[in-house]
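Asker: this one's sequence-less:
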């Protein structure tokens, strides 16, 4: 499990880890021993905690109820539940009480600071994704470093191994040169190119909107204008999701790696000159790991 692989890094950042499911203590103990899990696996057999956090998968109960054949309920089952389990009455009962899969980030005062959940049951946000979005230090495993006339950058994926439904991040750390700035969202209204990723469409990967940090307002005296910019080091992130549909899974059967290509685009200025827009080619190659349906894990 990815959490176990990142456990030391998380603990070094002062982060504790626990996983909760509705499995029995015996089932969880056997799973932990089989997989070498050393962080707590908590049993919520009656789903009381799952229900208290508002993440009980009620779609399962709907599918078991008198309206189980309603088209709207069937559509929800395909989205929020492994639809194939409804072919078996035994499996239907077994999954009753499961949560919607996701991650909560809780502070030392037991307050939820962030949560990460997916709408499609086969999509999973990675631990590295959560770490980056939560501003927890993450050492890039594979990175692309570059230098232009106006800045230095390091581009990297949050994860180098993905599978069906993996929700990961593409990130770029940018360090503008002294007295240099690049443009932030809002600057396009004045005709400037905002820094960002522009990834080429992929048959296997869906790209979400680029996520930008807070910018600052800069007064450009030569044109007497105020524009949003970045002058200090910053990070831009774009979430990507490996397609988890049954159709695409068949196409991925013979794939061992995914190559994602695009450009890092920006426009930079100093106190006197605005330079021409720049596009830097960027390519990420990720190992694709095929799902092993023979392995079991806590639900």
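Answerer: Thanks, I have it. This is a predicted model, so every value here is computed, not measured. Residues are numbered from 1 along each chain as shown.

Asker: and residue 147, what does it touch?
Answerer: The neighbours of residue 147, taking Cβ atoms under 8 Å, 6 or more residues apart in numbering as the test, are residue 153. Every C-beta, even on glycine, is put in place using the N, C-alpha and C of the backbone.

Asker: tell me the bridge partners for it.
Answerer: In this structure, residue 147 bridges to residue 152 when assessed by DSSP bridges.

Asker: what's the answer for the one 10 residues further on, then?
Answerer: Legend: beta-bridge partners of residue 157 under DSSP bridges are residue 170.

Asker: over to the residue lying farthest from the centre of the chain. Which of the three states is it?
Answerer: Residue distances from the centre of the chain (Cα atoms, centre = their mean) peak at residue 222, which lies 41.3 Å from the mean C-alpha position. Local secondary structure at residue 222 is given as helix here, using DSSP: H, G, I helix; E, B strand; the rest coil.

Asker: tell me how far it lies from residue 192.
Answerer: Applying Cβ to Cβ, to the nearest Å, one obtains 14 Å for the distance of residue 222 from residue 192.

Asker: do the same with residue 50
Answerer: 48 Å.

Asker: which one of these two has more residues nearby?
Answerer: Just comparing residue 50 and residue 192: by other Cβ atoms under 10 Å the higher neighbour count belongs to residue 192, 23 against 19.

Asker: now do the strands in the stretch 101-250 of the chain.
Answerer: For the stretch 101-250 of the chain, the strands identified by DSSP state E, counting those that start in this stretch occupy 102-106, 112-117, 124-125, 144-147, 151-157, 161-162, 166-176, 181-183, 196-199, 205-211, 216-220, 225-230, 234-242, in order along the chain.

Asker: what helices and strands are in contact with the longest one?
Answerer: With contacts defined as 3 or more Cβ pairs under 8 Å, 6 or more residues apart in numbering; DSSP states H and E, strand 166-176 has these neighbours: strand 124-125, helix 127-133, strand 151-157, strand 196-199, strand 234-242, strand 257-266.

Asker: do me a favour and average the pLDDT over the fifth one.
Answerer: Summarised as a single mean, pLDDT over strand 234-242 is 92.

Asker: cool, stretch 145-163 as well?
Answerer: Regarding stretch 145-163, the rounded mean pLDDT is 90.

Asker: circling back: contacting residues around the residue farthest from the centre of the chain?
Answerer: Applying Cβ under 8 Å, 6+ apart, the residues near residue 222 are residue 272.

Asker: looking at the chain, which helix or strand is least sure?
Answerer: Lowest mean confidence among the helices and strands of the chain (mean pLDDT, DSSP states H and E): helix 89-94, at a mean of 48.

Asker: ok, now how distant is the closest residue to residue 124 other than its chain neighbours from residue 43?
Answerer: Closest residue to residue 124 apart from its sequence neighbours, by Cβ to Cβ, 6 or more residues apart in numbering: residue 165 at 5.5 Å. Distance of residue 165 to residue 43, computed by Cβ to Cβ: 25 Å.

Asker: how much does the helix or strand encompassing residue 282 deviate in direction from strand 257-266?
Answerer: Here residue 282 sits within strand 278-288, counting by DSSP states H and E. Going by axes from the mean of the first three to the mean of the last three Cα atoms, to 10 degrees, strand 278-288 is angled at 160 degrees with respect to strand 257-266.

Asker: nearest to residue 279 among the strands of the stretch 101-250 of the chain would be which one?
Answerer: In this view, the strands of the stretch 101-250 of the chain are compared for proximity to residue 279 by Cβ to Cβ, and strand 196-199 is the closest at 7.9 Å.

Asker: which strands or helices does the closest one pack on?
Answerer: Checked by 3+ Cβ pairs under 8 Å, 6+ apart, strand 196-199 has strand 166-176, strand 205-211, strand 234-242, strand 257-266 packed alongside it.

Asker: now with 6 Å, please.
Answerer: Using 3 or more Cβ pairs under 6 Å, 6 or more residues apart in numbering; DSSP states H and E as the contact criterion, the neighbours of strand 196-199 among helices and strands are strand 205-211, strand 257-266.

Asker: between the first one and strand 257-266, how many degrees?
Answerer: Put plainly, it is strand 205-211. Using the same axes, to 10 degrees, the interaxial angle of strand 205-211 with respect to strand 257-266 works out to 30 degrees.

Asker: what's next to strand 205-211, contact-wise?
Answerer: The set of residues external to strand 205-211 that reach it, using Cβ atoms under 6 Å, 6 or more residues apart in numbering, is 196-197, 199, 237-242.

Asker: so what strands line up beside that strand?
Answerer: strand 234-242 (antiparallel).

Asker: check the offset of the partner strand from the chain's centre.
Answerer: Here strand 234-242 shows a centroid-to-chain-centroid distance of 8 Å under the convention Cα atoms, centre = their mean, to the nearest Å.
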